[in-house]
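A.B. asks: got a predicted model here, sequence first, then my questions.
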Amino acid sequence: MRKKNIAILGSTGSIGCSTLEVIRHLADRFHVSYLTAHRNIDLLTEQIARFKPHGVVVLEERNAAALRERIGTATEILSGVDGILEIVTRADVDLVLSSLVGFAGLAPTLAAIRAGKDIALANKETLVVGGEIIMKTVQESGVRLTPVDSEHSAILQCLQGEDPKSIGRLILTASGGPFLHLDRKHFGTITRAQALNHPTWRMGNKITIDSATLMNKGLEVIEAFWLFGIPHEQIEVVIHPQSIIHSMVEFVDGSIKAQLGVPDMKIPIQYALTYPDRPAAPYRRVDFGALREMTFFPPDLEKFRCLALAYRALKRGGTAPAVLNAANERAVELFLDERIPFSTIPSLIQEALEAHTPAPVVTMDDLVRADREARDFITRHASAAVSY
Ligand code: MG
């Protein structure tokens with residue numbers, strides 16, 4: 001079989017690195033044609049030496065210049081968002097793995113879909129914000145979009161061979177994050193370091209904070225809505241701290257299918273890249289003797305208000321999820337900069353949602369405007385919130 005050319009957007013992040021590990025053992029199926037990185041040019045230099053891509057993109061031109069000085073002209077080096085938008089449309093790209101962080105992932109993903117490229121999507125914010133436009137463009141372009149997120153990969157696997165009409169509900173599992181058992185009255189004093197210490201998954205900073213607030217699960221509910229076309233009333237969340245069941249589908253006859261595995265992103269990444277094939281993989285296996293038990297309980301929506309806010313935004317529709325996402329991105333940034341307390345994250349997002357009148361999403365401009373307004377709103381209100 002002809003090797004597929006893959007472009008990896010965000011190759012020096014956690015998902016990007018795991019994807020390159022997957023490709024190393026699937027070297028008979030994939031060739032890395034492009035890599036893009038934010039600012040880690042040391043790691044990018046190593047990746048270039050090992051995978052010999054046709055070209056790379058770094059976000060800032062000064063880093064691109066530094067890289068050119070270091071490695072010479074054998075590999076094409078572009079810079080900026082324009083560089084990413086250009087490489088995703090090139091002929092030597094069959095598949096784009098998008099693991100950019102946040103709203104920034106939307107435009108390159110859309111450009112790749114329009115250019116007829118298949119997508120392995122790790123950037124959930126793309127669907128949260130632009131689900132309507134993305135899914136419509138996927139249909140029109142006839143490309144394949146597969147989820148990398150472990151929950152959505154699990155659901156996709158459970159749905160193989162099933163009639164979509166037989167779906168009763170989707171049950172997304174959540175580890176619960178580091179503050180599952182912490183009393184709500186202590187949420188105001190949670191530090192950056194405590195919030196970045198996730199019990200089961202090793203990930204980038206933004207998604208780790210989202211996992212601690214459970215906003216990550218809220219974003220995944222919206223992502224599932226768009227990917228599988230299931231109404232919000234039929235999407236549920238259950239806390240499962242061991243992170244062995246990655247999600248479940250209940251069918252109309254009461255049968256439930258679940259997908260299980262060790263919490264290792266290489267497994268869903270491989271499935272997204274090779275779908276619907278399932279090649280052998282050398283990763284760790286579940287040891288049920290050592291696991292002993294799996295537990296489940298409902299999420300506490302009073303404590304984890306971000307999850308409730310995500311459902312609310314999904315119900316309101318239109319530009320509301322874009323506002324939810326932008327408000328969250330900005331609030332998380334402020335928390336990571338230690339400028340607002342942890343407990344202020346949901347308060348600010350709620351204020352932004354309440355101040356916003358959702359409009360229909362017709363073009364990208366509608367989303368860009370909603371995104372910018374929500375970020376500005378949070379910046380203004382955050383300074384007010386911490387000034388007393
Ligand atoms: Mg997930």
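C.D. replies: Perfect, thanks for sending it.
A.B. asks: what are the phi and psi values at the closest residue to the ion within the chain?
C.D. replies: Using CB to the ion, the closest approach of the chain to the ion is made by residue 149 at 4.3 Å. For every residue, glycine as well, the C-beta is placed using N, CA and C. Main-chain torsions, residue 149, degrees, to the nearest 10: phi -50, psi 130.
A.B. asks: quick one, what contacts it?
C.D. replies: By CB atoms under 8 Å, 6 or more residues apart in numbering, the contact list for residue 149 reads 121-122, 124, 220, 223, 268.
A.B. asks: next one: the nearest residue to residue 162 once chain neighbours are set aside from residue 158, what distance?
C.D. replies: Nearest residue to residue 162, sequence neighbours excluded (CB to CB, 6 or more residues apart in numbering): residue 251, at 7.0 Å. Distance, residue 251 to residue 158, using CB to CB, to the nearest Å: 9 Å.
A.B. asks: more neighbours: these two, which one.
C.D. replies: Of the pair residue 251 and residue 158, residue 158 is the one with more neighbours under other CB atoms under 10 Å, namely 22 against 17.
A.B. asks: the more buried one touches residue 257, doesn't it?
C.D. replies: Yes. Between residue 158 and residue 257 a contact is recorded at 4.0 Å, counting by CB atoms under 8 Å.
A.B. asks: which neighbours do those two share?
C.D. replies: With contacts taken as CB under 8 Å, 6+ apart, residue 158 and residue 257 have 248-249 as neighbours in common.
A.B. asks: so which bits of stretch 228-246 are buried?
C.D. replies: 228, 230, 232, 235-246 (16 or more other CB atoms under 10 Å).
A.B. asks: stretch 313-328 too?
C.D. replies: Applying 16+ other CB under 10 Å to stretch 313-328 flags 313-314, 316, 318-328 as buried.
A.B. asks: circling back: check pLDDT for the contacts of residue 149 and point me to the minimum.
C.D. replies: Lowest in pLDDT among the contacts of residue 149 is residue 124, which has 94.
A.B. asks: what separation is there between that residue and residue 221?
C.D. replies: 10 Å.
A.B. asks: comparing these two, which residue is more hemmed in?
C.D. replies: Neighbours around residue 124 and residue 221, counted as other CB under 10 Å, are more numerous at residue 124. The numbers are 26 against 22.
A.B. asks: list the contacts of the more buried one.
C.D. replies: Listed by CB under 8 Å, 6+ apart, the contact set of residue 124 reads 149, 219-220, 223.
A.B. asks: hmm, 10 Å instead?
C.D. replies: Contact analysis of residue 124 by CB atoms under 10 Å, 6 or more residues apart in numbering lists 102, 105, 147-149, 151-152, 207, 210, 216, 219-220, 222-224, 226-227, 325.
A.B. asks: helices of the stretch 151-300 of the chain, start to end?
C.D. replies: For the stretch 151-300 of the chain, applying DSSP state H, counting those that start in this stretch gives helices covering 192-195, 205-213, 215-228, 266-274, 288-291.
A.B. asks: now do the stretch 1-150 of the chain
C.D. replies: Going by DSSP H, counting those that start in this stretch, the stretch 1-150 of the chain shows helices at 14-25, 41-51, 61-71, 80-87, 106-114, 124-141, 150-158.
A.B. asks: tell me which of those sits most buried.
C.D. replies: Mean neighbours per residue, mean count of other CB atoms under 10 Å, is largest over the helices of the stretch 1-150 of the chain for helix 150-158, with a mean of 24.
A.B. asks: export the helices of the stretch 151-300 of the chain to JSON lines and tack on distance to the ion?
C.D. replies: Shown next, in JSON lines, are the helices of the stretch 151-300 of the chain (distance: least, CB to the ion, whole Å):
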{"stretch": "helix 192-195", "distance to the ion": "17"}
{"stretch": "helix 205-213", "distance to the ion": "8"}
{"stretch": "helix 215-228", "distance to the ion": "6"}
{"stretch": "helix 266-274", "distance to the ion": "9"}
{"stretch": "helix 288-291", "distance to the ion": "20"}
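A.B. asks: out of the ones you listed, nearest to residue 62?
C.D. replies: Residue 62 lies closest to helix 205-213 among those, at 22.9 Å (CB to CB).
A.B. asks: and that closest one, average pLDDT?
C.D. replies: Regarding helix 205-213, the rounded mean pLDDT is 95.
A.B. asks: and that helix, what does it pack onto?
C.D. replies: With contacts taken as 3 or more CB pairs under 10 Å, 6 or more residues apart in numbering; DSSP states H and E, helix 205-213 sits against helix 14-25, helix 124-141, helix 192-195, helix 215-228, helix 305-316, helix 320-336, helix 344-355.
A.B. asks: so the fourth one versus helix 320-336, what angle?
C.D. replies: So the one you mean is helix 215-228. Relative orientation of helix 215-228 and helix 320-336, computed by axes from the mean of the first three to the mean of the last three CA atoms, to 10 degrees: 150 degrees.
A.B. asks: what comes up buried for helix 215-228?
C.D. replies: By 16+ other CB under 10 Å, the buried positions in helix 215-228 come out as 215-228.
A.B. asks: now it and helix 344-355, what's the angle there?
C.D. replies: If you take the same axes, to 10 degrees, helix 215-228 sits at 50 degrees to helix 344-355.
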